[in-house]
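Participant: Let's see this in three dimensions:
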Amino acid sequence: MKKNTGFAVLLIAFGALILLNKLGLHMGPFIGSIMGYVIPLAMVGLGYVGIKNGSKIGWIIAGLGIIILLGKLSGWLIILLAIGLIGYGFTMLSGRSRV
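Facilitator: Next up, the predicted model:
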């Protein structure tokens, strides 16, 4: 077996799921939500490969993928920000100095 066989099978599976979804054969809400993250991750990955090969369009593809991914993860980022603010507030109230 070659080195990239598993990755190739994974790409074929994701491509088949996207194609089936576009043809109207939906696999449920779980697969749809996963595909919402796979596409931007694939864009970032392909952009990275393009950047490594010296292509200018790789930067554009990677940048778009990152922007889309940040939009998808914005809910989690806000939750992490809120937890950080709460922790910082408790640290300020306790009056501990970190020297």
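Participant: Check what pLDDT L93 gets.
Facilitator: The per-residue pLDDT reported for L93 equals 87.
Participant: Please report how far it lies from L85.
Facilitator: L93 sits 13 Å away from L85, going by CB to CB, to the nearest Å. Heads up, the C-betas are built off the backbone N, CA and C, glycines and all.
Participant: going on from the longest helix seen in the chain, what's the next piece of helix or strand?
Facilitator: In the chain, with assignment by DSSP state H, the single longest helix is helix 29-52. With elements assigned by DSSP states H and E, the helix or strand that comes after helix 29-52 is helix 57-72.
Participant: Can you work out which other helices and strands pack against that following helix?
Facilitator: If contacts are counted by 3 or more CB pairs under 8 Å, 6 or more residues apart in numbering; DSSP states H and E, helix 57-72 sits against helix 29-52.
Participant: Could you pull out the buried residues of the helix it packs on?
Facilitator: 40, 42-44, 47, 50 (16 or more other CB atoms under 10 Å).
Participant: would you list those residues in CSV and tack on pLDDT and distance to M27?
Facilitator: CSV is the format used below for the buried residues of helix 29-52 (pLDDT from 0 to 100; distance: CB to CB, whole Å):
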residue, pLDDT, distance to M27
P40, 92, 19
A42, 90, 18
M43, 92, 21
V44, 94, 24
G47, 93, 27
G50, 92, 30
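Participant: Looking at those, which is nearest A8?
Facilitator: Of all the buried residues of helix 29-52, A8 sits closest to A42, with 13.8 Å by CB to CB.
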